[in-house]
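Participant: predicted model, plus sequence, below.
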Amino acid sequence: MVTYLLRRVLQSVVVVLLVTVITWGLLRLIPGNVAVAVMGPGAYRNPGAIKVFDADYGFNLRWYRQYLVWLGNLLRGNLGYSWKSGQSVASLLATALPRTVLLVGPAILLALAVAIPMGVIQAIRRHRQSRLRPLRSRRQ
């Protein structure tokens, strides 16, 4: 039992790491330069400002160092900063969480209220023969 639990925990860790790698990779595949997206198209006229921005936010590091920094921040709960709204992402999520729970909570309860009885009924009927007769072909 202990080996089973240990194996499942290790599998979960691997899956979570793979999901973080895929998420980080997809974030980096967005076309264009982040500095230009944040500072505007005029940033191309000032390459020094782009270099300072990249150094401040770690975009000048190698890809694996960027991933490790991103993963470390994620583990500490530092989800970053929204340049669009000027707030931390954690505070934005905290303000949206009550409305999300209000929408998702009843939907999950409704799904469980339907799915559990259906699963029980199907489990009870599993080995019973169907009461429906097969359709006869027209040739007979």
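Facilitator: Received the coordinates, thanks.
Participant: give me the neighbour count for Asn60.
Facilitator: Asn60: 14 surrounding residues under other Cβ atoms under 10 Å. From N, CA and C alone the C-beta is placed, and that goes for glycine too.
Participant: so it lies in a helix, does it not?
Facilitator: No: counting by DSSP: H, G, I helix; E, B strand; the rest coil, Asn60 is not found in a helix; it is coil.
Participant: identify the residue spatially nearest to it, adjacent ones excluded.
Facilitator: Residue nearest to Asn60 in three dimensions, not counting chain neighbours: Asp54, with 4.4 Å by Cβ to Cβ, 6 or more residues apart in numbering.
Participant: the protein - how does it break down into domains?
Facilitator: 1-78, 86-140 (automatic domain parsing).
Participant: quick one: which of the ones you listed has the weakest pLDDT on average?
Facilitator: Mean pLDDT is lowest for domain 86-140 among the domains of the chain, at a mean of 85.
Participant: report the distance from it to the chain centre.
Facilitator: Offset of domain 86-140 from its chain centre (Cα atoms, centre = their mean, to the nearest Å): 21 Å.
Participant: same check, this time on stretch 55-71
Facilitator: 20 Å.
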